[in-house]
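> Below are the sequence and a predicted model; questions follow.
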Amino acid sequence: MQDLDKNIAEWVQGCKNQDRKSQEKLYKHFYPLLMPVCMSYVTNNDDAVDIYNQAFLKVFSSLSQYTGTGAVGAWIRRIIVNTSIDFIRKQEKFKFQTPIEDAHHIGIDTNILSQLTSNEILELFRFLPPAQRLVVNLYIIEGNSHAEIAKELGISVGTSKWHLNQGRKVLQEKIYEYGIVSR
């Protein structure tokens, strides 16, 4: 593992010096690790690849800001999440405004999710509309609070809760539909 850490540190330094081979190695190393993050925000592979590529352009252009404290993978992941959010915002295929009185709670047994593979979870996420998928990702996967989501997306806390609950409903229906659990 130390050899890998050493390699990554060398690639990062090479990227800071605009070395194309180092950029390629860093890009390829994190691709299988971070592409699923992109896939959890969008419904098709082309959009996910587009997000990944946009994120790495940002990584390469802002690598001089990486101080070396903390894992570079976590730093890159944060850029990917932010790029995913920006990508979805640009789509303008959905509106975030929902009256707070429409928000209500529906639960989903989180033990069910532990029975699924990551690919099965990604497949289920593809059924979510973009706004719901974004909020579900930020809340469940990234661990953000509704207040943080509301601030980041420019929506109300109630709207964030509504999208999460609507997304949970869709996921719950799909879990029943696939026969993962019975009603």
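It's in.
> Please enumerate the helices of the chain.
Under the criterion DSSP state H, the chain contains helices at 2-16, 20-39, 45-62, 72-91, 110-114, 118-125, 130-136, 146-153, 157-177.
> other SSEs contacting the third one?
Helices and strands touching helix 45-62, as assessed by 3 or more Cβ pairs under 8 Å, 6 or more residues apart in numbering; DSSP states H and E, comprise helix 20-39, helix 72-91. Quick note: C-beta positions are derived from backbone N, CA and C, even for glycine.
> The ones you listed: which one's closest to residue 173?
Distance to residue 173, taken as Cβ to Cβ, is lowest for helix 20-39 among the helices and strands packed on helix 45-62, at 20.9 Å.
> what about that closest one, average pLDDT?
Averaged across helix 20-39, pLDDT comes to 94.
> Now it: buried residues?
Residues 22-23, 25-27, 29-30, 34-35, 37-39 are the ones in helix 20-39 that count as buried (16 or more other Cβ atoms under 10 Å).
> Can you check what angle separates it from helix 45-62?
Relative orientation of helix 20-39 and helix 45-62, computed by axes from the mean of the first three to the mean of the last three Cα atoms, to 10 degrees: 130 degrees.
> picking that back up, could the helices and strands packed on helix 45-62 go into CSV alongside distance to residue 53?
What follows is the helices and strands packed on helix 45-62, written out as CSV (distance: least, Cβ to Cβ, whole Å):
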stretch, distance to residue 53
helix 20-39, 9
helix 72-91, 9
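> wait, what's in contact with residue 58?
79, 83 (Cβ atoms under 8 Å, 6 or more residues apart in numbering).
> circling back to that earlier point, which of the helices of the chain sits most buried?
helix 130-136 (a mean of 24; mean count of other Cβ atoms under 10 Å).
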